[in-house]
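Novice: Whatever this is, show me its structure:
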Amino acid sequence: MSKAEKKPLGQSRKPRRGNALSHRLTRLRTPGGGQGSTPRLSDADAQNRNIALDCGWGRLLFTPTFDRYQDLLDALREEAPDTRDIAFHVGDPHVLLAQAPQEIFLDPSHTFRLDLSTYRAGGRRPKGVTIRRFSSESDAAGINAVYANCGMVQVREDFFAGERDNRPVTYFVAQDDLTGEIVGTVTGIDHHRLFDDPERGASLWCLAVHPQARQPGIGEGLVRILAEHFHARGLAYLDLSVLHDNDKAIGLYEKLGFRRVPLFAVKRKNAINEKFFAQPIEGYEALNPYARLIVDEALRRGIHVEVTDPEGGFFRLNHGGRSIHCRESLSDLTSSVAMSICDDKAVTRRFAEAASLSVPAQLSADAPDADKQAFLEKHGKLVVKPARGEQGRGISVGISTMDALQAAIRQARQVCDRVLLEACFEGEDLRLVVIDYKLVAAAVRRPPRVVGDGRSPIRKLIDQQSRRRAAATGGESRIPVDAETKRCLAEQDLDLDSVLEEGREITVRKAANLHTGGTIHDVTATVHPDLIDAACRIAKAIKIPVVGIDFMVHDPGNPDYVFIEANERPGLANHEPQPTAESFIQLLFPGSRARERRIA
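Specialist: A predicted model of the protein is given here:
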C-alpha cells in the first residue's frame, strides 16, 4: 500500500478518535454526566429539556434533562422566595459546585434506589389507617398539617387545586380510620411520564408521618404502596434522597431493599437551608427542640447566638446593642416575681381568682383526713398535684377513693412536699400561648393512648408508643410506666400484661402533659374569644410577657372553663404551624426582621 493510499485511512481514523474523546469530555462537563447518572436525552427530545417540576414547596430540577451546568445554575437562581428547589440526580456535584460556590451547596443526603423489577410486595399494612390516593381539598389541608408538624416546608394554598390531573405526580395519604385525620403522606414522580426518561425511573419525595400518629408502620406502608404503584406501571426503579444521619429512615429503606447509588442533590444557599451549609454554633446540637426552634428563628433574622449551657437550654441573643439571656422561652424580660407566682400553683390560683377567672375548688393535702374525705365526697373526683413542679410529674387525675387519694398524695410528695387537691373538671386540657399579652397559639392536649393489635400485651404497646413519641419530639415525650399508669389501667379492669383485641384503643394515663406521652392538637382558629380574653387577663395580672395558660374545657369552641395553671416557660415547639418562635423573637427584638419568612 502506498503512502498516498494510507493517508486517507489515517485521516478517517483521527476524526473518529477525536469525536469519541470530545463526546466523553462533553458528558463529563454536563450536569448528569458523571458515573451512575441517568442517560442523557437525545436531540429529538428538545421539549423534555431543562425540566423543573413545581411541587408547591419548591421545584425539582431533574439534572439529566439539562445539557449545560450554566442552564442548571440559571434555573436554580430562579428559586421563588420561601421555597426550596432541589437539583436531583447530579452525577458530578464537585464540578457544579465549583462554578458557583457562594450560591449553592451539596446537600448532605444520600440517594437510595429500589430496583422495582425485583421488588416483591409484602409486609403488613398498618392497622387502623387507610392508605389511598389524594382526592380532595381536605386532603390538601391534611397533607400540609402533617408537613407543618414534621417541620417541613408547606405547600402553597393554591397548589393542590390543579394536581389531580398531573399525570406524572402521585400523592398517597394515610387516613386515621377513627378520626378521619390525615396522619401520613408520600409523593411519587413518574420520570417517564414527566420527561420520557429512557431509564423509566421514578422518585419518592416528602414521606412524612404525623408525630402524633398512634398506629405503627405508617411510613413503611406508604413506601410500599408507592413502590407497588410504580411497579404496576412498568417502571424500572424508585429513587429517594435522605439525610445522611437519618438512621431510622435509612434503616427502613434498607429493610425494603433500597441501596445507595452515587447520585447527589444540590440546593441554593437560602434561609431555609442555612443549617446545612452555615458554620455550626458551638453547643447547638445539644439544645433541646424548644431552644433550637428559637435559636433557628434568631439566626434567620441575623441575630447573634451564643449557647451558654446547651444541656439546660440556655443561650444568649445579641442584636443592635441589645443582649438577652434565655432558657428556651424564658428570658430576661420575665421578672423573678412573675416567675415565682407561676412556680407556686396555689399562688397562681389566687392571682387568677383576683383577675375574675373561673378556678376549681382547692384543698391542701395537709388538711385533716376528715376534711379530705368530705372534699372527695363533695366533688366525686379529684386532681392531686404537687404545688411546685413541671412537665406533669407527680400529677394524678380522676381520683375517686380515699385509698387512691392517699397513694396519689404520696406520689406527688416525691416531687414537692406541698400537695394540692382540686375538684376534677371533666373535659379537655387546653393550652393557650400568650406572648406580649396576645394569643399566639391554642392547642388541646390529650392523654396518651395505645391501640391493641390482638397479640401484644399493653406493656409492649406502651413501650412502642413511647419510643415513637420520643423519636417525634427529640426525646422530650415518653410514657412513664408508674403507679399512675397502673391505676389508670386498673380502672379499666386491665393491667400491663393484658392483651387488647385488635383495634381497641385505651387511655393509659389521664394527665395530658406532652412530656408524659400526651399529644397536642392545634385549635387556634376555633378557640372561643372568652377563653382568649381570660388567658390574656391572667397574663397581665401576673405581668408575664410569655406564658402558657392551661384551662380545662368541655370544648375549646365554647366559653366554659376552669383555670389550672400558668407555665412561665411554655414549649413553643409544640404548636406548628402557629408562629410562636417568630412572635417570641419579635418581642425580644422588635426591630428585627427575618431575611425570609420562616418555613422549617
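
Novice: distance of the residue most central in space within the chain from Val397?
Specialist: With distances taken as C-alpha atoms, centre = their mean, Cys150 lies nearest the centre of the chain, 1.9 Å away. The gap separating Cys150 from Val397 is 30 Å, by C-beta to C-beta, to the nearest Å. Bear in mind the C-beta positions are built from the backbone N, C-alpha and C, glycine included.

Novice: His231 too?
Specialist: Using C-beta to C-beta, we find His231 at a distance of 50 Å from Val397.

Novice: got the contact list for the residue nearest to the centre of the chain?
Specialist: By C-beta atoms under 8 Å, 6 or more residues apart in numbering, the residues touching Cys150 are Ala208, Val209, His210, Pro211.

Novice: cool, and Leu116?
Specialist: So Leu116 contacts Ala202, Ala227, Phe230, His231, Leu235, Ala236, Tyr237, Leu238 (C-beta under 8 Å, 6+ apart).

Novice: Of the residues you listed, just say which sits nearest to Ala361.
Specialist: Within the contacts of Leu116, the smallest distance to Ala361 is 58.2 Å, found for Ala227 (C-beta to C-beta).

Novice: ok, that closest one - how many residues close by?
Specialist: Around Ala227 there are 24 other residues, counting by other C-beta atoms under 10 Å.

Novice: ditto for Leu252
Specialist: Residues near Leu252, counting by other C-beta under 10 Å: 17.

Novice: Residues in contact with whatever helix or strand it lives in: which ones?
Specialist: Secondary structure from DSSP states H and E places Leu252 in helix 247-255. Helix 247-255 is contacted from outside by His110, Phe112, Leu114, Leu207, Gly219, Glu220, Val223, Leu240, Val242, Leu243, Ala471, using C-beta under 8 Å, 6+ apart.

Novice: 7 Å - rerun?
Specialist: Residues outside helix 247-255 that contact it (C-beta atoms under 7 Å, 6 or more residues apart in numbering) are Phe112, Gly219, Glu220, Leu240, Val242, Ala471.

Novice: Put the alpha carbons of that helix into PDB.
Specialist: Presented in PDB, the C-alpha positions along helix 247-255 are these (Å, rounded to 0.1, in the frame of the first residue of the first chain):
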ATOM      1  CA  ASP A 247     -30.600   6.400  60.700                       C
ATOM      2  CA  LYS A 248     -34.300   5.500  61.400                       C
ATOM      3  CA  ALA A 249     -35.400   6.300  57.800                       C
ATOM      4  CA  ILE A 250     -32.300   4.700  56.200                       C
ATOM      5  CA  GLY A 251     -32.900   1.500  58.200                       C
ATOM      6  CA  LEU A 252     -36.500   1.400  56.900                       C
ATOM      7  CA  TYR A 253     -35.300   1.900  53.300                       C
ATOM      8  CA  GLU A 254     -32.600  -0.700  53.500                       C
ATOM      9  CA  LYS A 255     -35.100  -3.200  55.000                       C
END
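
Novice: How far off centre is that helix?
Specialist: The chain centre lies 18 Å from the centre of helix 247-255; the measure is C-alpha atoms, centre = their mean, to the nearest Å.

Novice: for that helix, which positions count as buried?
Specialist: By 16 or more other C-beta atoms under 10 Å, the buried positions in helix 247-255 come out as Ala249, Ile250, Leu252, Tyr253.

Novice: And the residues you listed, which two are furthest apart?
Specialist: Among the buried residues of helix 247-255, the pair separated by the greatest distance (C-beta to C-beta) is Ile250 and Leu252, at 7.3 Å.

Novice: give me the number of residues near Thr63?
Specialist: Neighbours of Thr63 under the rule other C-beta under 10 Å: 29.

Novice: can you tell me how far it sits from Gly380?
Specialist: Using C-beta to C-beta, Thr63 is found at 67 Å from Gly380.

Novice: quick one: which of the contacts of helix 247-255 sit in helices?
Specialist: Judged by DSSP state H, the subset of the contacts of helix 247-255 located in helices is Gly219, Glu220, Ala471.

Novice: Could I have the buried ones of those as PyMOL selection syntax?
Specialist: Selection of buried members from the ones in helices among the contacts of helix 247-255 for PyMOL, criterion 16+ other C-beta under 10 Å:
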select buried, resi 219+220
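
Novice: Dump the ones in helices among the contacts of helix 247-255 to TSV, plus distance to Ile86.
Specialist: Shown next, in TSV, are the ones in helices among the contacts of helix 247-255 (distance: C-beta to C-beta, whole Å):
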residue	distance to Ile86
Gly219	21
Glu220	24
Ala471	25
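
Novice: now, among the ones in helices among the contacts of helix 247-255, which is nearest to Arg268?
Specialist: Gly219 (28.1 Å).

Novice: That closest one touches Ala208, doesn't it?
Specialist: No: the criterion here is C-beta atoms under 7 Å, and Gly219 misses it with Ala208 at 8.4 Å.

Novice: Report the set of residues contacting both of these two.
Specialist: Contact criterion C-beta under 7 Å, 6+ apart; residues bridging Gly219 and Ala208 by contacting each: Gly184.

Novice: Name the spans of this protein whose pLDDT lies under the cut-off.
Specialist: 1-46, 162-165, 391-392, 594-600 (pLDDT under 70).

Novice: quick one: the helices in the stretch 251-400 of the chain?
Specialist: Applying DSSP state H, counting those that start in this stretch to the stretch 251-400 of the chain gives helices spanning 274-277, 289-300, 336-343, 345-354, 369-379.

Novice: Equivalent analysis for the stretch 501-600 of the chain, please.
Specialist: Taking DSSP H, counting those that start in this stretch, the helices of the stretch 501-600 of the chain run over residues 529-542, 580-588.

Novice: from those helices, which stretch is densest packed?
Specialist: Most buried of those, by mean neighbour count (mean count of other C-beta atoms under 10 Å): helix 580-588, with a mean of 22.

Novice: Give the helix, strand or coil label for Thr170.
Specialist: What DSSP: H, G, I helix; E, B strand; the rest coil gives for Thr170 is strand.

Novice: Return the distance of the closest residue to Arg292 other than its chain neighbours relative to Phe551.
Specialist: Leaving aside its sequence neighbours, Arg292 sits nearest to Tyr284 (C-beta to C-beta, 6 or more residues apart in numbering; 7.1 Å). Separation of Tyr284 from Phe551 (C-beta to C-beta): 35 Å.

Novice: cool, and Thr519?
Specialist: Distance of Thr519 to Phe551, given as C-beta to C-beta: 17 Å.
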